[in-house]
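Novice: Pasting the sequence and the predicted model now:
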Amino acid sequence: MNEANAHDLVDRLGRWASGRGPLYLLLAARLRALIDDGVLPPDEPLPPDRTLAGRLAVSRGTVVAAYDLLQQQGRVVRRRGSGTRVAALDLPATRATDGVTANPLLLHILHPPDGVALLTCAAPDDPPPELAQAYADAIEGLAGLRDLGYQPAGNAALREAVAAYYRGRGLPTTAQEIIVTTGAQQALTLLSGLLVSPGDTVLTESPTYPGALEVFRHAAAVVRPVTLDPPGLAAASRERRPALVYAVPTASNPTGSVMDTGSRRRLAAFAAEHDVPLIDDEVCAELCFSGDTPPPVASYASGEQVVTIASLSKVVWGGLRIGWIRAPAPLVSRLARLRAVHDLGGEVVGQLAAAALLRRLEDIRRARVGALRARHDHLCAELRTHLPSWSFEPARGGQTIWVRLPRGEAGAFAQVALRHGVAVPPGRSFDPLGGHGDRLRLHYLLPRHELSQAVRGLAAAWHAYDGAERPASRHTLVV
């Protein structure tokens, strides 16, 4: 990048240092936004560390740390002798950038490849028969309803239906403690926007849901993986008080594990004792293979630190973009004001349909779990037959299993698998620091014959892959 281009980049950065938090995080967040918005195109060279530092009147270490963080997030490529460049996304493939891949879940949503079995996005595409009736009821209910949908906290009937759902699970809840969102992803974005400032620490388990990691990174938070037990959480909190803790204790994405009662109690106690907000992600909670849905972590909380998020996208249908947050009423009011800035409210018919679906949820849940359990068992059997060297623990619920490769690197193998017609997300996408390089997440939402075909594709790819394709060495910023 020449001097003129370096000057142009500084102009594009604008008032990048006007926020709160460490300068390297603010710089990384602004550069990331320019990259994600396409202002800095793929393969665009970025100024050398010293050049940009001089232009911005900051230390070289600030620029190095920002570049290293962007490399960890898959936004830039840094190589000795060739400088720093914006990562080129070789779509439809998921490009590995020095070993850390861009989030394949988001890439394949934005740029779906043709003729490929997508084992990347785990959301059901087969709506239950109850869905059509719920929408019919919703449309009939529009007669005489004076509601334009300008309700940032959500439709009153749906808020009450969600509150009743939690009361039915033994957790006292009022409609004022519910805000309806456009799916759980918006719920995470709203909570992050309200609770997280640049430079704040967010604690997550690892592996964890990559969509949450994207939200926290977008907020320029320092995301740290921890073990969700008292010693692990306490040790991390002693170093620096976290802004929040994010957990998926029930039917975890990606492992399909279920946290026991004692661990839930200890997690709630930690949040209360340290006065740290805890997000309990229950998106897949109704998909436990045991047939029982464990109580939310908030059931064991003595204070108001535990916030619960959920949606209908996994238990009902991926196309039903209805989610919610259960939180103390004052926090819900603040979240509603924040949402009103960007979104005056969700569409009315979908919310009325969601309220009707909640009344039929037990029948829907039973059918969905039965289908998932059968497909899970089929996928496990196919893997044991065709890929016996791969290891995994059967899931206890949810939609995914967590697979370990016996050799090689999962990001490199994912490229080979894509050439054999199967898209799989490598494990690095599920770790805040790009770990789990030997893991893959596989979902079992496809019909059995399609799962069999996908496993045959993976087996052919594994036969072609010898484990020799390893990522180049990388410099990871330890935060």
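Specialist: The structure has been received and is ready for your questions. Small disclaimer: the values here were computed from a predicted structure and weren't measured.
Novice: Just give me the neighbour total for the residue nearest to residue 127 when sequence neighbours are not counted.
Specialist: Leaving aside its chain neighbours, residue 127 sits nearest to residue 317 (4.1 Å; criterion: C-beta to C-beta, 6 or more residues apart in numbering). Where C-beta positions appear, they are placed from N, C-alpha and C, glycine not excepted. Neighbourhood size, residue 317 [other C-beta atoms under 10 Å]: 21.
Novice: mind checking the SS state of residue 317?
Specialist: Secondary structure, DSSP: H, G, I helix; E, B strand; the rest coil: residue 317 is coil.
Novice: That one contacts residue 128, doesn't it?
Specialist: Yes. The criterion here is C-beta atoms under 8 Å, and residue 317 meets it with residue 128 at 7.0 Å.
Novice: Which elements pack onto the helix ranked longest in the chain?
Specialist: The longest helix of the chain (DSSP state H) is helix 361-386. With contacts taken as 3 or more C-beta pairs under 8 Å, 6 or more residues apart in numbering; DSSP states H and E, helix 361-386 sits against strand 400-404, helix 448-464.
Novice: Report the angle between the shortest one and helix 361-386.
Specialist: Using axes from the mean of the first three to the mean of the last three C-alpha atoms, to 10 degrees, the direction of strand 400-404 lies 20 degrees away from that of helix 361-386.
Novice: Can you give me the buried ones in strand 400-404?
Specialist: Neighbour-count burial for strand 400-404, counted by 16 or more other C-beta atoms under 10 Å, picks out 400-403.
Novice: do the same with the last one
Specialist: When burial is assessed from 16+ other C-beta under 10 Å, helix 448-464 yields the following buried residues: 451-462.
Novice: average model confidence for it?
Specialist: Taken as a whole, helix 448-464 has a mean pLDDT of 96.
Novice: Looking at this protein, which residue reaches furthest from the middle?
Specialist: residue 144 (39.3 Å; C-alpha atoms, centre = their mean).
Novice: Could you list the domains of the protein?
Specialist: Per automatic domain parsing, the structural domains of the chain span 3-86, 96-126+364-464, 146-360.
Novice: Would you reformat the ones you listed as CSV and include distance to residue 134?
Specialist: Below are these laid out as CSV (distance: least, C-beta to C-beta, whole Å):
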stretch, distance to residue 134
domain 3-86, 36
domain 96-126+364-464, 10
domain 146-360, 4
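Novice: Can I take it that residue 304 is in a helix?
Specialist: No. Per three-state DSSP, residue 304 lies outside any helix segment and is coil.
Novice: Model confidence for it, exactly?
Specialist: Note on residue 304: pLDDT of 90.
Novice: circling back: please identify the buried residues of the longest helix of the chain?
Specialist: Residues of helix 361-386 classed as buried: 361, 364-365, 368-369, 371-373, 375-376, 378-380, 382-383, 386 (neighbour count, 16+ other C-beta under 10 Å).
Novice: got it, and stretch 232-246?
Specialist: 233, 236-237, 242-246.
Novice: hang on, isn't residue 10 packed against residue 57?
Specialist: No. Taking contacts as C-beta under 8 Å, residue 10 lies outside contact range of residue 57: 10.2 Å.
Novice: higher neighbour count, these two?
Specialist: residue 10 (14 against 7).
Novice: Find the residue closest to the more buried one in space, skipping its chain neighbours.
Specialist: Closest to residue 10 by C-beta to C-beta, 6+ apart is residue 55, at 4.9 Å.
Novice: wait, what's in contact with residue 249?
Specialist: 228, 258-259, 263-264, 267, 280, 294, 297 (C-beta atoms under 8 Å, 6 or more residues apart in numbering).
Novice: redo that, cut-off 7 Å
Specialist: Shown in contact with residue 249 (C-beta atoms under 7 Å, 6 or more residues apart in numbering): 259, 264, 280, 297.
Novice: From residue 280, how far off is it?
Specialist: For residue 249, the distance to residue 280 (C-beta to C-beta, to the nearest Å) stands at 6 Å.
Novice: Now for these two: what residues contact both?
Specialist: Shared contacts of residue 249 and residue 280, counting by C-beta under 7 Å, 6+ apart, come down to residue 297.
Novice: out of the domains of the chain, which comes closest to residue 136?
Specialist: domain 146-360 (8.7 Å; C-beta to C-beta).
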